[in-house]
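> Need coordinates for the below:
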Amino acid sequence: NRIEGLKFVAKIFTNITQDHLDFHGTFENYKEAKELFFTDESLKFINKDALAIKFNVRNAFTYGIENPALYQIKAYSLEEGISAIATNKNQTFHIDSPLLGLFNLYNLLVA
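Numbers count the residues shown, from 1 in each chain. This is a model prediction of the structure:
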């Protein structure tokens with residue numbers, strides 16, 4: 001109920017970890033709450049490299065580095081920032097950023 005009443009233009013599933021157990025009580029309750037958030041037909045982006053959750057595939061786009069996805073990193077370097085080559089079907093694009101860390105590469109890919 002923490003997001004009740006909010007309207008989202010797009011939803012992004014980045015990952016699911018042991019966070020928020022203070023609110024949900026158990027990991028299973030937390031996972032169910034996340035899955036419920038992605039059951040509608042709204043625009044959504046799903047990280048295919050994270051622990052799998054159930055989601056409505058309508059208007060869903062996937063992204064990832066390790067597992068096959070619609071938006072896919074083909075090569076990357078994390079030295080001195082981020083430099084990556086990504087694909088989307090027949091398109092190739094470059095990601096260059098001064099940000100550090102693999103988690104930021106995921107964030108940039110879905111942005």
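
> helices or strands next to the helix or strand of the chain with the lowest mean pLDDT in the packing?
The weakest-scoring helix or strand in the chain, judged by mean pLDDT, DSSP states H and E, is helix 21-24 (a mean of 73). If you count contacts as 3 or more C-beta pairs under 8 Å, 6 or more residues apart in numbering; DSSP states H and E, helix 21-24 packs onto helix 27-37. Glycine gets a C-beta too; all of them are placed from N, C-alpha and C.

> which strands and helices sit next to the helix it packs on?
Secondary elements touching helix 27-37 (3+ C-beta pairs under 8 Å, 6+ apart): helix 21-24.

> Repeat the analysis, applying 10 Å as the threshold.
strand 11-13, helix 21-24 (3 or more C-beta pairs under 10 Å, 6 or more residues apart in numbering; DSSP states H and E).

> Including distance to Leu109, could the ones you listed go into TSV?
Output for the helices and strands packed on helix 27-37, formatted as TSV (distance: least, C-beta to C-beta, whole Å):
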stretch	distance to Leu109
strand 11-13	11
helix 21-24	27
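
> Quick check: which of these is nearest to Val110?
strand 11-13 (5.6 Å; C-beta to C-beta).

> Break the protein down into its structural domains.
The chain resolves into domains spanning 11-63, 66-110 when parsed by automatic domain parsing.

> which parts of stretch 62-82 are buried?
Thr62, Tyr63, Gly64, Ile65, Ala69, Tyr71, Gln72, Ile73, Ile82 (16 or more other C-beta atoms under 10 Å).

> Ok, stretch 33-43 next?
Neighbour count says stretch 33-43 has Ala33, Lys34, Glu35, Phe37, Phe38, Ser42 buried, by 16+ other C-beta under 10 Å.

> do the same with stretch 18-30
Tyr30.

> Next: stretch 47-56.
Asn47, Lys48, Asp49, Ile53, Phe55.

> So which of the buried residues of stretch 62-82 are in helices?
Among those, no member is found in helices (DSSP state H).

> okay, and for the chain, where does confidence drop off?
1 (pLDDT under 70).

> related to what we said a few turns ago, for Thr92, state which of the buried residues of stretch 62-82 is nearest.
For the buried residues of stretch 62-82, the nearest to Thr92 is Gln72 (10.2 Å; C-beta to C-beta).
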